[in-house]
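Chemist: Here is a sequence together with a model predicted from it:
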Amino acid sequence: MSTLTYALTDSSTMLRRVLRHTTRDPSTLIMAIVLPGVVLLLLDFGFGGAIHTSGGRYIDYLVPGIVLMGACYSASATAVAVATDSTQGIIDRFRTMAIARSAVLTGHVLGSTLRAMLGTALVVFLALAIGFRPTADPLHWLAVTGLVALTLFAIAWIATAMGLASGSASGAASLAAILQILPFLSAAFVPTETMPGWLQTFTANQPMTHIVSALRGLLTDTPVGNHGWLAVTWCAGAAIAGYLWARKAYNRRAER
Amino acid sequence: MPDRPPLAAIAVTGLRKSFGEHTVLAGIDLEVPAGTVFSLLGPNGAGKTTAVNILTTLIRADAGEVWVGGHSVTREPDAVRAAIGVTGQFSAVDPLLTGEENLALMGDLHHLPRRETRRRTTELLQRFDLADAAGRQAAGYSGGMTRRLDLAMSLIGEPRILFLDEPTTGLDPRSRRTMWQVIHDLAASAVTVFLTTQYLDEADRLADRIALLDHGTVVAEGTPDELKRLVPGGHISLQFADTTVLDAAANALGDIPRDHDSLTLQIPSDGSVASLKALLDRFDDRSIAVQKLSIHTPDLDDVFFALTGYTNAGASAGEEKVTTP
């Protein structure tokens, strides 16, 4: 077998390990579903009446934001899982074995992405059950799925890097909290035009706003504008940055 | 600096490593012939784990040549990794997986065929007395079980060279004995074992050769017997009922230092039965009753004292009080 085949085999071995972790300790998966679910219900039934969006029902505006919030919360779970895992001796064992170095990281990232995809799907089902009515055609749904997967993939790389860089579960949770705040400072729950001018400069241009606006446009059949390619560019950039950061943190841990 | 691989399983020349200002390894040379057990002996902080980490490709040396299994650790780390198994000081098992899954994971990472992985897993679970716990998560294992699983995981790839970093530290005596037996069996099957330990008796029991590491330098190297010859003999400690008997006993042996507080005498001895009998006979002849007797054999502290002139963390403070006249 070639080096590439080994790298793929090792990555899939590591992915199976991470997925097995999820079944052993499903609290991360449960949190990834319950929390966005609760916020969805709260905002829709509780506060939704007070929030005015231009045209359309609030729930149709809200769901993409909830999906993004869920994605950012899954980052915390990933960062904590990676930090915990990297403090275990097993990581040092992997380092002394002739396996592809990136396999450990790839396993975490793909496992996290799949876990979050499952959580997102369940949250969307809940939304559909309480009245979410997207008008997207199959092609748009495909685009939505792709963009969500890319977002989760990018967030998983950043979260994995955070987990490795922090070196402790509590440190990882604090770092990941930065990601969790981002959706609230974007167009995820309320239009940015309702925010103070000085804040708008940030909120209207940060990646979360582009992602959520692109999703919203695709789901409700409204123009996506520049948000689509900006969202994809941000995600690709974040994934690469996260990968480089994670690789650096992983290699540096060896040089303690 | 050798350009081609040496014949020994492990060859180290001029190995140096510092962390910032702190020098951990100040230039060490080691050679371990294939199929032997080598022990790196030293107290905490001597640099044992750093040496293992460099030899197992975990960290890079600042200077020196390190060959493991005929490959340079800096130039061909993957070839080295393919030849070695490592059981570190801290358990390297996945706590969320079961014992069986941990072993299967290692088999997959060694790219063994599925059936071969299953065969070796079953065999190792049996051999390490883990068959009953195979389906339980490793997080629930006792210290001894974790360490055994850890070692089993290092063996699934059938390494030619095995590194064991303090394999029995923190284990109860029974698990410690089991571990010794396993290492002994491995040595018999021509695996080269590189073992670090703080315990002289462990090195004594298992190793063909011992290197004594202190403050990053090898202060002595040799077979266990050679090393013990560097250490002054042990002593016999005798306790008496009162000062009268103590004085009588001390006078019977010539004027030797006595400790009136603890009512003990400390007599240099090689610990042999003959010398012990001769000693007791002398008391018998004079009708001196000995209340308590203990034989003190050389330990790591003695070796250290002999070779470095200081003891390790005052572990034998009580003994020293007796030896002070």
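Modeler: Yes, it's here. Numbers count the residues shown, from 1 in each chain, chains lettered A, B, ... in the order given.
Chemist: Roughly how far does A:Ala187 sit from chain B?
Modeler: 38 Å (CB to the nearest CB, to the nearest Å). From N, CA and C alone the C-beta is placed, and that goes for glycine too.
Chemist: How many residues are close by B:His235?
Modeler: Look at B:His235: counted by other CB atoms under 10 Å in any protein chain shown, it has 22 neighbours.
Chemist: what does chain A put close to chain B?
Modeler: Taking CB under 8 Å from any CB of the partner chain, the part of chain A that reaches chain B is made up of A:1, A:6, A:9-10, A:13, A:17, A:20-21, A:24-25, A:88-90, A:92-99, A:254-256.
Chemist: what about burial for those residues, which qualify?
Modeler: A:6, A:9-10, A:13, A:17, A:20-21, A:88-90, A:92-99 (16 or more other CB atoms under 10 Å in any protein chain shown).
Chemist: Please name the nearest non-neighbouring residue to B:Leu293.
Modeler: B:Leu238 (5.6 Å; CB to CB, 6 or more residues apart in numbering or on different chains).
Chemist: Let's verify the one you found: helix, strand, or coil?
Modeler: Secondary structure for B:Leu238, judged by DSSP: H, G, I helix; E, B strand; the rest coil, is strand.
Chemist: Give me the neighbour count for residue 137.
Modeler: Answering for chain A, as no chain was given. With other CB under 10 Å as criterion, A:Asp137 counts 11.
Chemist: wrong one, I was asking about chain B
Modeler: Neighbour count for B:Gln137, taken as other CB under 10 Å: 17.
Chemist: Now for B:Thr168: which residues touch it?
Modeler: B:147, B:175-176, B:179-180, B:197, B:199, B:202 (CB atoms under 8 Å, 6 or more residues apart in numbering or on different chains).
Chemist: got any ranges where the chain has weak pLDDT?
Modeler: As the question left the chain open, I've gone with chain A. For chain A, applying pLDDT under 70 flags the ranges A:1, A:48-49, A:52, A:54-55, A:253-256.
Chemist: that answer is for a different chain, and I need it for chain B
Modeler: Ranges of chain B meeting pLDDT under 70: B:1-6, B:231-233, B:271, B:298-305, B:308-325.
Chemist: Would you mind listing what in it touches chain A?
Modeler: So chain B meets chain A at B:56-60, B:78-79, B:81-82, B:84, B:86, B:88, B:90-97, B:101, B:105, B:108-111, B:137, B:150, B:153-154, B:157 (CB under 8 Å from any CB).
Chemist: let's go with 7 Å and repeat that
Modeler: Neighbours of chain A within chain B, by CB under 7 Å from any CB of the partner chain: B:56-59, B:78, B:81-82, B:84, B:86, B:88, B:90-97, B:101, B:105, B:108-109, B:111, B:137.
Chemist: among these, which ones are buried?
Modeler: B:56-59, B:81-82, B:84, B:86, B:88, B:91-97, B:101, B:105, B:108-109, B:111, B:137.
Chemist: In helices, which of those residues appear?
Modeler: Using DSSP state H, the members of those that fall within helices are B:81-82, B:101, B:105, B:108-109.
Chemist: The residues you listed: which two are farthest apart?
Modeler: B:Ala82 and B:Glu101 (22.8 Å; CB to CB).
Chemist: neighbours of A:Pro196, just the number please.
Modeler: The burial count for A:Pro196: 8, using other CB under 10 Å.
Chemist: Ok, the one 3 residues further on next?
Modeler: Under the neighbour criterion other CB under 10 Å, A:Leu199 is assigned a count of 11.
Chemist: Could you measure from it over to A:Asn205?
Modeler: 11 Å (CB to CB, to the nearest Å).
Chemist: For the chain, which segments count as helices?
Modeler: Using chain A. Counting by DSSP H, the helices of chain A are A:3-24, A:27-41, A:58-87, A:89-95, A:103-129, A:138-166, A:169-181, A:197-203, A:207-220, A:227-253.
Chemist: that's the other chain; I wanted chain B
Modeler: Going by DSSP H, chain B shows helices at B:48-55, B:77-83, B:99-109, B:114-127, B:143-155, B:173-188, B:200-206, B:224-229, B:243-252, B:273-285, B:300-308, B:317-323.
Chemist: sorry, back to before: could you redo the ones in helices among the buried ones among the residues of chain B next to chain A as CSV and give each row distance to B:Ala51?
Modeler: Below are those laid out as CSV (distance: CB to CB, whole Å):
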residue, distance to B:Ala51
B:Arg81, 17
B:Ala82, 21
B:Glu101, 32
B:Leu105, 28
B:Asp108, 30
B:Leu109, 25
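Chemist: which of these lies closest to B:Asp284?
Modeler: So of those, ranked by how close each gets to B:Asp284 (CB to CB), first place is B:Arg81, at 63.8 Å.
Chemist: Pull the contacting residues for the closest one.
Modeler: A:96-98, B:57 (CB atoms under 7 Å, 6 or more residues apart in numbering or on different chains).
Chemist: one more time with 10 Å
Modeler: B:Arg81 makes contact with A:94-99, B:56-57, B:68-69, B:71, B:73, B:157, B:159, according to CB atoms under 10 Å, 6 or more residues apart in numbering or on different chains.
Chemist: Return the closest of these with respect to B:Arg16.
Modeler: Nearest to B:Arg16 among the contacts of B:Arg81 is B:Val73, at 14.0 Å by CB to CB.
Chemist: quick one: that closest one and B:Ile161 touch, right?
Modeler: No. Using CB atoms under 10 Å as the test, B:Val73 is too far from B:Ile161 to be in contact (11.7 Å).
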